[in-house]
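J.: Got a predicted structure here, sequence first:
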Amino acid sequence: MRDLSCALSASLSLVLDQLGVGETEVSIQEVPLGKPGDFGTPVAFGLARVLRKSPTLIAEKIVERIELPNGVLRAEAVGPYINFFVDPGPYVRSVIELPLSLVNTSGTEVIVEHTSVNPNKETHIGHVRNIVLGDAVARILTAAGHTVEVQNYIDDTGRQAAESLFAIDYFGARYDGEGKYDRWLGDLYVRLGRAKEDDGEVIDRGVDAVMRRLERGELRAEVEAVVRAQLETCYALGAEYDLLVWESDIVRSGFLDRGLKILRESEHVSQPTEGKFAGALVMDVSAFIPGLEEPNVVLVRSDGNAMYVAKDIGYQFWKAGLFKGLNYRRFDTQPSGRPLYTSAPDGEPEPGGRRLVHAQEIVNVIGVEQSHPQTLVRAALALSDSAESLAASKGSRHLAYELVSFEGQTMSGRKGIALPADEVIEEAVSRARAVIKRKNPDLGPADEVARQVGVGALRFAMLKSEARRVIDFRWEQALSLQGDSAPYAQYAHARACSILRSAPEVLGIGTDWRALGELEVRLAQVVARLPQVVAAAARDLAPHLVTQYVLDLATAWNGYYNHKDDEGRPDTQILRSAPGLREARLALVTKVRDTLAASLDLLGVEAPEQM
RNA sequence: GCACCAGUAGCUCAGUUGGAUAGAGCAGCCGCCUUCUAAGCGGUAGGUCGAGGGUUCGAGUCCUUCCUGGUGCACCA
């Protein structure tokens, strides 16, 4: 009895075979509250037309004939539905014995690129969404059996980085070590933007010069200082990476030219000698994106300069493994001990034997506003005439997320209207600390728990709704410590821990599974759902499915914990249960605790044992 | 103009790929700590699922036409 719904649908299929309708798909679902039974199927509906009988009659007939799998006591036709009653003891036991981790033999290698903040300013709340979303997706894909490499792209040759670095010289500023470096630099960037109104020409020329130096990789150390400051914030949020990819390394490695060379061989890419696009290199994407007014996309301008999409395409070609050639070295040891690598001209192809950039699937976590360029990148791969690149196109996915506004106001890094991530984290933690002080003043590790709860609340708020939904960040809502939030689930976990802490040492001895009943079945059903949730979340790149599940599980557990009988007396007190029943319940609580912790971990939310 | 996304309770959102009476949280009202953590639980109230048409035994979910809001559509980066 490894998985009950599999067993049930197998049993049903057998009956359907006898009835001569073998190919029908059988779905097993949990029975809604208030209806008889634990699991049910609407399969009879679909058979009504084929068998020319009413679904109710068919349901009855199936119930008569079905051979029930182990652990199922009986089947009942409830109108057109067929519902099953599980044997509580064996069922709950089988759920408890289910392994937490998924065994997925079809797991692939996946690159997840996220964060990729311009290295010229502090991260703000919009970046937090990217960081947290990408991090959660990486965790979920890993749990689903994939091998994941997390990349963080450093756009160190862009105009923004150049402006910030130029601003240091322009204003003669010096970092005195007060506050974070990225914050300090970001302020200079905003100041420079304002100064451009009076001194635009000088500034533009200066920035151009810095850009050329950046492309040659001469200011690597300066950019690295910003990147390290930004990474501190990412670490504080619980996100870690495998590889930093520097744009200057990509540029100098010639990937752009190599990518263009591949593209030129495509029949969809041409260099017209006359007309609107004379002299430019254009790609006709109409075969990939039908219905466009203008199917031609300029890759290289007639003056010979490559467009930004062309760089993106070259980068994606490299990610897809169409060409190699970058070197790497170790960059950092992250808080968990996980090593962080970086592309580096003076590095080696496989530093310390580590094989990097190898994947069949590529997930780019980038804002929705980049949907068009991201589609063009996939188009370029699809139109490149090789089986490899076609596969890479199919394996490329854009996880698009909507913007985050702040109390109704849209943010702008350029103007300096932004809510810095560091401030949000600090505020979240201090709110958590205040609650601890009020509710549990004697809690030992108060600071550590405040951090776990505050950061957890923030992450959860960013992941709770679908990525394609706009989030208006409001303090009260996002950092709420009650209701549909991380602390709600963390509290449920801590509560389970607390019970288990005071449980006798005899766990597992004299367990009487038969003493369990319907209440435990309901709770176990939610526990059993995790594997399907992980699979769906991985397939759809949708962490919000996991947040929803975490809430479901915490709610089910809290409901169980507080349950009262018809006379209003608590009837689920674990430690006061009769011997035998107590052990069985303790085993279930242990499973609930572990499942809560595991599913929170998929979201990058820590689960304190006390709070 | 064309394309993509969204529209579900006063507010913020779910809705297991077409199944049973559309669910949570917040806000409101009423209850529950002599009992394993009340950051919790129960109850109550709140809905034309943007509108119309269609497919289906069955539609919040699928097809279609509208309405509203957002974003994207450069030889910019």
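T.: It's in. Just so it is clear, the model here is predicted, and its values are computed rather than measured.
J.: quick one: is the longest helix seen in chain A near RNA strand B?
T.: Looking across chain A with DSSP state H, the single longest helix is helix A:181-215. No - contact of helix A:181-215 with RNA strand B is not found when judged by CB under 7 Å from any atom of the strand; the minimum separation is 8.2 Å. Where you see a C-beta, it was placed from the backbone N, CA and C, and this is true even at glycine.
J.: same question, stretch A:550-559
T.: Yes - interface with RNA strand B: stretch A:550-559 contributes A:551, A:554-555, A:558-559 (CB under 7 Å from any atom of the strand).
J.: mind putting the residues you listed in JSON lines, neighbour count, pLDDT and secondary structure included?
T.: Formatted as JSON lines, the residues of stretch A:550-559 next to RNA strand B follow (neighbours: other CB atoms under 10 Å; pLDDT from 0 to 100; DSSP: H, G, I helix; E, B strand; the rest coil):
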{"residue": "A:Leu551", "neighbour count": "20", "pLDDT": "98", "secondary structure": "helix"}
{"residue": "A:Ala554", "neighbour count": "26", "pLDDT": "98", "secondary structure": "helix"}
{"residue": "A:Thr555", "neighbour count": "15", "pLDDT": "97", "secondary structure": "helix"}
{"residue": "A:Asn558", "neighbour count": "15", "pLDDT": "97", "secondary structure": "helix"}
{"residue": "A:Gly559", "neighbour count": "14", "pLDDT": "96", "secondary structure": "helix"}
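J.: quick check, nearest of the residues you listed to A:Phe171?
T.: Lowest distance from A:Phe171 to those (CB to CB) belongs to A:Leu551, with 49.1 Å.
J.: Could you find the closest non-adjacent residue to the closest one?
T.: Excluding the flanking residues, the one nearest A:Leu551 by CB to CB, 6 or more residues apart in numbering is A:Asp484, at 5.7 Å.
J.: Burial check on that neighbour, number of neighbours?
T.: A:Asp484: 16 surrounding residues under other CB atoms under 10 Å.
J.: Distance check, it against A:Pro543.
T.: For A:Asp484, the distance to A:Pro543 equals 15 Å [CB to CB, to the nearest Å].
J.: ok, now A:Asp135?
T.: Distance of A:Asp135 to A:Pro543, given as CB to CB: 9 Å.
J.: Kindly report the same for A:Ile96.
T.: Per CB to CB, A:Ile96 is found 26 Å from A:Pro543.
J.: Now the residue most central in space within chain A. Its backbone dihedrals?
T.: Closest residue to the average C-alpha location of chain A: A:Val137 at 2.2 Å, with CA atoms, centre = their mean. When read as degrees, to the nearest 10, the backbone of A:Val137 gives phi -60, psi -40.
J.: ok, back up a step: after the longest helix of chain A, heading C-terminal, what element do we hit next?
T.: Later in the chain than helix A:181-215, the nearest helix or strand by DSSP states H and E is helix A:220-236.
J.: Would you tell me what the next helix or strand after that following helix is?
T.: Proceeding N to C from helix A:220-236, the next assigned helix or strand is strand A:243-246, under DSSP H and E.
J.: Using PDB, list the CA coordinates for the very next helix or strand once past that next one.
T.: Once the chain leaves strand A:243-246, the next helix or strand it forms, by DSSP H and E, is helix A:247-252. Extracted as PDB, the C-alpha positions of helix A:247-252 are listed here (Å, rounded to 0.1, in the frame of the first residue of the first chain):
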ATOM      1  CA  GLU A 247      29.000  40.100 -18.500                       C
ATOM      2  CA  SER A 248      32.500  41.300 -19.200                       C
ATOM      3  CA  ASP A 249      33.600  37.700 -19.300                       C
ATOM      4  CA  ILE A 250      30.900  36.800 -21.700                       C
ATOM      5  CA  VAL A 251      31.700  39.800 -23.900                       C
ATOM      6  CA  ARG A 252      35.400  39.000 -24.000                       C
END
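J.: No further questions, thank you.
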